[in-house]
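K.L.:
next comes the sequence, and after it the predicted model I'd like to discuss.
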Amino acid sequence: MNLFSSTIKKNILLVFKGIAMGAANKVPGVSGGVVAFVAGFYEELIYSLQKINLKAFTILVNRGWKPFVQYINGRFLGLLFLGVAISYFSVSLLLDFLINNFETEVFGLFFGMILSSLYFIYHDVKKWNYKTIGFFLIGLGCGLLIMFTKPTTENDYLPFVFFCGFIGVSGMTLPGLSGSFLLLLLGNYSLLLVDAVNALYFTIAELLQFNLKFVNDPERVRLLILVLVFTLGSITGLIVFSNALSWVLKKYKENTTATIIGFIAGSLGVIWPWKNKIYKIDSFNEILYNAVGNPIIAYYDYFLPNFRESSFWIVLIFIILGGITVALLERYGGSKK
């Protein structure tokens, strides 16, 4: 009975970890991989994903479903990605609302989480020397480069959407590299993580009511096709990135961890709470909008807060709460590593 209860608790916890990863991936500048890293299941995630290969499908064909699931660590992956899926249709919708209405506070919370995670991940490098410091600086430079890159315009060309899925999933596998922020830079964040996901959510809700009217809505069908292509790109990216990361983690674990720390440190500015959105304007000094009516962001204008304003102290409280959240995650995850 105790064993059964323990298994249920582990399964529920895995789903909640997936929900946390999905929520983190939705926020531009935050990486779901950081959640995996701090909570202590990053390496298991990478090694499980890299098992999804030709050998796995050979096992599926020749020996059946159960050996296939055992080979790829299917219980772990299934429950984790169930949580990610739940997040995209629940927590992510809530995050959309919170970012639209309380953006500074939300970014403050995640800023505190990432800042705190840096402290804990730093200790994963057993020995700092010229080599690990060099890889840290490479990661730091890449993070800063991404931070200061200006967003492009929205593009629903299907091969490009596939590429967005391929690149966007990197936040799930590489801590510090935010997939959602990369989508923002590629110009497709609103299209793929807001409009397309919402379209899929509403379509599922209608299907449960046996309502098929959406098939006569060209815009809905277009968004559903984008979801499909984006998902295929994401699956491909997961397999490619996980195999590459599995190899470097086995061969060069210290250097890889140092690079990840650099990535996180370099991209920390992306989640800086105090910034203004500068929108693209045309020759008539009017704000440009994308195909679904959202203003197009040209770049962010970062600034230092006014310490005398009450709003600063409110955001500081959220930063502290973010740090405490990661400390609690680390305390639990550390015992499971």
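P.N.:
Ah, there it is. Residues are numbered from 1 along each chain as shown.
K.L.:
so which helix or strand of the protein has the lowest pLDDT on average?
P.N.:
Here the helix or strand of the chain ranked lowest by mean pLDDT, DSSP states H and E is strand 297-302, holding a mean of 69.
K.L.:
please enumerate the helices of the stretch 101-250 of the chain.
P.N.:
Counting by DSSP state H, counting those that start in this stretch, one finds helices in the stretch 101-250 of the chain at the ranges 130-147, 158-168, 170-173, 179-185, 189, 196-208, 218-251.
K.L.:
for the stretch 101-250 of the chain, give me the ranges with low pLDDT.
P.N.:
150-152, 171, 176-177 (pLDDT under 70).
K.L.:
make sure residue 50 is actually in contact with residue 249.
P.N.:
No. Using Cβ atoms under 8 Å, residue 50 is not in contact with residue 249; the gap is 9.6 Å. For every residue, glycine as well, the C-beta is placed using N, CA and C.
K.L.:
look at those two and report which has more neighbours.
P.N.:
Neighbours per residue (other Cβ atoms under 10 Å) separate residue 50 from residue 249, with residue 50 holding more: 23 against 18.
K.L.:
now the more buried one: how far from residue 257?
P.N.:
Distance, residue 50 to residue 257, using Cβ to Cβ, to the nearest Å: 17 Å.
K.L.:
for residue 21, give me its contacts.
P.N.:
When contacts are counted by Cβ atoms under 8 Å, 6 or more residues apart in numbering, residue 21 touches 32-33, 35-36, 80, 83-84, 87, 172.
K.L.:
redo the residues you listed as JSON lines? Include neighbour count.
P.N.:
Output for the contacts of residue 21, formatted as JSON lines (neighbours: other Cβ atoms under 10 Å):
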{"residue": "32", "neighbour count": "30"}
{"residue": "33", "neighbour count": "29"}
{"residue": "35", "neighbour count": "27"}
{"residue": "36", "neighbour count": "25"}
{"residue": "80", "neighbour count": "25"}
{"residue": "83", "neighbour count": "23"}
{"residue": "84", "neighbour count": "20"}
{"residue": "87", "neighbour count": "25"}
{"residue": "172", "neighbour count": "28"}
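K.L.:
counting only helices, which of those make the cut?
P.N.:
Within those, residues falling in helices by DSSP state H are 32-33, 35-36, 80, 83-84, 87, 172.
K.L.:
residue 314: which of those residues is nearest?
P.N.:
For the ones in helices among the contacts of residue 21, the residue nearest residue 314 by Cβ to Cβ is residue 35; the value is 24.6 Å.
K.L.:
hmm, the closest one is touching residue 16, no?
P.N.:
No. Using Cβ under 8 Å as the test, residue 35 is too far from residue 16 to be in contact (10.5 Å).
K.L.:
and for the closest residue to residue 221 other than its chain neighbours, the neighbour number?
P.N.:
Closest residue to residue 221 apart from its sequence neighbours, by Cβ to Cβ, 6 or more residues apart in numbering: residue 215 at 6.8 Å. When neighbours are counted by other Cβ under 10 Å, residue 215 registers 10.
K.L.:
same question for residue 278.
P.N.:
12.
K.L.:
which SS class is it?
P.N.:
Put simply, residue 278 is strand when judged by DSSP: H, G, I helix; E, B strand; the rest coil.
K.L.:
what pLDDT is listed against the nearest residue to residue 201 once chain neighbours are set aside?
P.N.:
Spatial nearest neighbour of residue 201, chain neighbours left out: residue 89 (5.2 Å); criterion: Cβ to Cβ, 6+ apart. pLDDT, residue 89: 72.
K.L.:
burial check on residue 89, number of neighbours?
P.N.:
15.
K.L.:
about what we covered before: for the helices of the stretch 101-250 of the chain, which one ends up most surrounded?
P.N.:
The highest mean neighbour count among the helices of the stretch 101-250 of the chain, using mean count of other Cβ atoms under 10 Å, belongs to helix 170-173: a mean of 26.
K.L.:
that one packs against which elements?
P.N.:
Identification of packing neighbours for helix 170-173 by 3 or more Cβ pairs under 8 Å, 6 or more residues apart in numbering; DSSP states H and E yields helix 2-26, helix 32-39, helix 42-49, helix 179-185, helix 218-251.
K.L.:
what sits up against that helix?
P.N.:
So helix 170-173 is contacted by 21, 24-25, 30-33, 36, 45-46, 49, 84, 177-182, 237-238, 241-242, 245 (Cβ under 8 Å, 6+ apart).
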